[in-house]
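# Below is the sequence, then the predicted model.
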Amino acid sequence: MKRAVSVLALVSCLSLLAACGTPGPAATGEIEIRSGVVEQINATEIKSNHELGVGAILGGLAGAGLGSLIGAGTGRDVAIAAGAIAGAVGGNYTQREYFARPQPAQQVFVRLDSGVLVSITQPTNPALQQGQKVLIEGSGSSARVVPKT
């Protein structure tokens, strides 16, 4: 009986999790493409694509690993905790100072064939020029302006 209840609970949880995911255009392999002409290009900066917190997590794990090599008993537990804290602080600092610096980018204003003006901020693409015919691939934060060939 306990096994049947456990299996039923597991199936219910998996069903709920599966219902939460909705496939979007990326899941179906479709990419929206629009065409237009570049009206203006401005130099700007964008945040790095490094995930925040990864440095702290990796530093904490490394610190805890090193702390486990010290002492025995309660002293070892204290060394593990201190190592984890020091490693997390150091990893967070390292990521922020060396990997999370802004990257050069460009804000491209494109007048679509439909007459709508669209602004897209993306990494610098030296092939783009004002007055050039372009394609806009994708949508939202993943949209990119590329020269029309």
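That came through, no problem.
# Pull out the buried residues from the lengthiest helix in the chain.
Assignment by DSSP state H gives helix 74-94 as the longest helix of the chain. Within helix 74-94, the residues scored as buried using 16 or more other C-beta atoms under 10 Å are 79-80, 83-84, 86-88, 90-92. (C-beta placed from N, C-alpha, C; glycine too.)
# Over to stretch 64-76?
If you call a residue buried by 16+ other C-beta under 10 Å, then stretch 64-76 has these buried ones: 64, 67.
# And stretch 126-143, end to end?
End-to-end span of stretch 126-143 (C-alpha to C-alpha, to the nearest Å): 17 Å.
# What of stretch 67-75?
For stretch 67-75, the end-to-end distance is 10 Å (C-alpha to C-alpha).
# average pLDDT across it?
The average pLDDT within stretch 67-75 is 84.
# what residues does that stretch touch?
With contacts defined as C-beta atoms under 8 Å, 6 or more residues apart in numbering, stretch 67-75 is touched by 76, 78-84.
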